[in-house]
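**Q** build me a model from this:
(2 chains)
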Amino acid sequence: MTDHDDRQIREALQQSFPPVNTEIHRDLWPAVLRKLEAHPAPMPWYDWALIGLSVGVFLFFPRLILVFAYHL
Amino acid sequence: MDLFQRFALGEIDAFETLVRQFQGEVYAWIVRIVRDAGIAEDLTVETLWRIYRARHRFRHDGNFSAWARRIATNLALDHLRRKRPEQSLLAEPAGAPQPDHLLQREMQEKIHQAFRRLPVKLQVAAMLALVEEQPYDEIADALGISVGAVKLRVFRAVRIMRRQLSHLGVRP
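**A** Below you'll find the model as predicted:
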């Protein structure tokens, strides 16, 4: 494969795919916001892990619920 | 606390500022790959939404642009994989076509056909490097590969295209 081959294919592709307009036509923030509201981000795994750990601790040591409630 | 730290903590105002700052850049990158304004807008919205969802993974010392480009490129690759290969990107010319114009158009169709038969990974590398003339290091970053691997993909794309075009009776 030579530079000449490369240049020929490059030129053929550039003629075949005319330049695209890379300027954005509108502000996409409203669409992003709508998508965020429609599909809220799921709770991260470490939050689930913390909840699971807390439930486990309270199941094995129910008296800790009183201690926890006292400190709330 | 800077803008990126606030974004990583999920502050929506910080994210809005980042969207307004980077949406043009993300869109420009995607439209260079998919070459359709409507699809590029949809994929830009999807990219920005995914960026927000993945905010915990953003490193504060990292390059936000490069991170956004990588997510955008993955989405564009998925889009091209889903798209039917025979779908043409050529616009119909207005008015009655002239004979030489028809020949030129036929040749362009064959080039498109050969290009769309390339594996998607090669298509993206060739489109960005040969048609859009983007810097190799940016392409490498966006594809998550080395500059050498980008050059190899472009080399393979050129070689396959040349073979396919010669089968179609086209000498570029």
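**Q** contacts, neighbours, all on C-alpha from now
**A** Fine.
**Q** which residue packs closest to residue B:161, ignoring adjacent ones?
**A** residue B:114 (5.9 Å; C-alpha to C-alpha, 6 or more residues apart in numbering or on different chains).
**Q** surely the one you found and residue B:165 touch.
**A** Yes: the pair residue B:114 / residue B:165 is scored as a contact, 6.4 Å apart, by C-alpha atoms under 8 Å.
**Q** circling back: element containing the residue nearest to residue B:161, please.
**A** Per DSSP states H and E: residue B:114 is located in helix B:99-116.
**Q** report all helices and strands that the helix or strand just after that helix contacts.
**A** Going down the chain from helix B:99-116, the next helix or strand is helix B:120-126, by DSSP H and E. If contacts are counted by 3 or more C-alpha pairs under 8 Å, 6 or more residues apart in numbering or on different chains; DSSP states H and E, helix B:120-126 sits against helix B:64-82, helix B:147-167.
**Q** was I right about residue B:6 contacting residue B:17?
**A** No: in this structure, residue B:6 is not within contact of residue B:17 by C-alpha under 8 Å, at 10.7 Å.
**Q** buried residues in the helix holding residue B:114?
**A** B:105, B:107-116 (16 or more other C-alpha atoms under 10 Å in any protein chain shown).
**Q** ok, so of those, who is nearest chain A?
**A** Of all these, chain A sits closest to residue B:108, with 5.1 Å by C-alpha to the nearest C-alpha.
**Q** what distance do you get for the nearest residue to that closest one once chain neighbours are set aside to residue B:8?
**A** Spatial nearest neighbour of residue B:108, chain neighbours left out: residue A:16 (5.1 Å); criterion: C-alpha to C-alpha, 6+ apart. Distance of residue A:16 to residue B:8, given as C-alpha to C-alpha, to the nearest Å: 42 Å.
**Q** thinking again about what came up before, and the helix holding residue B:114 with helix B:147-167, angle?
**A** For helix B:99-116 against helix B:147-167, the angle by axes from the mean of the first three to the mean of the last three C-alpha atoms, to 10 degrees is 130 degrees.
**Q** helix B:99-116 to helix B:64-82, inter-axis angle?
**A** Using the same axes, to 10 degrees: helix B:99-116 against helix B:64-82 is 100 degrees.
**Q** which strands or helices does helix B:99-116 pack on?
**A** helix A:3-16, helix B:147-167.
**Q** coming back round to it: and residue B:49, which of the helices and strands packed on helix B:120-126 is closest to it?
**A** helix B:64-82 (10.4 Å; C-alpha to C-alpha).
**Q** hmm, who's touching stretch B:65-75?
**A** B:22, B:25-26, B:29-30, B:43-44, B:47-48, B:50-51, B:138, B:141-144 (C-alpha atoms under 8 Å, 6 or more residues apart in numbering or on different chains).
**Q** between the residues you listed, which is nearest chain A?
**A** residue B:48 (6.8 Å).
**Q** for the chain, which helix is longest?
**A** As the question left the chain open, I've gone with chain A. Ranked by residue count under DSSP state H, the longest helix found in chain A is helix A:45-60.
**Q** please go with chain B instead
**A** helix B:12-34.
**Q** so is it next to chain A?
**A** Yes: interface with chain A: helix B:12-34 contributes B:16, B:19-20, B:23-24, B:27-29, B:31-32 (C-alpha under 8 Å from any C-alpha of the partner chain).
**Q** which two among those are spaced furthest apart?
**A** That would be B:16 and B:32, which, of the residues of helix B:12-34 next to chain A, are the farthest apart (C-alpha to C-alpha) at 24.2 Å.
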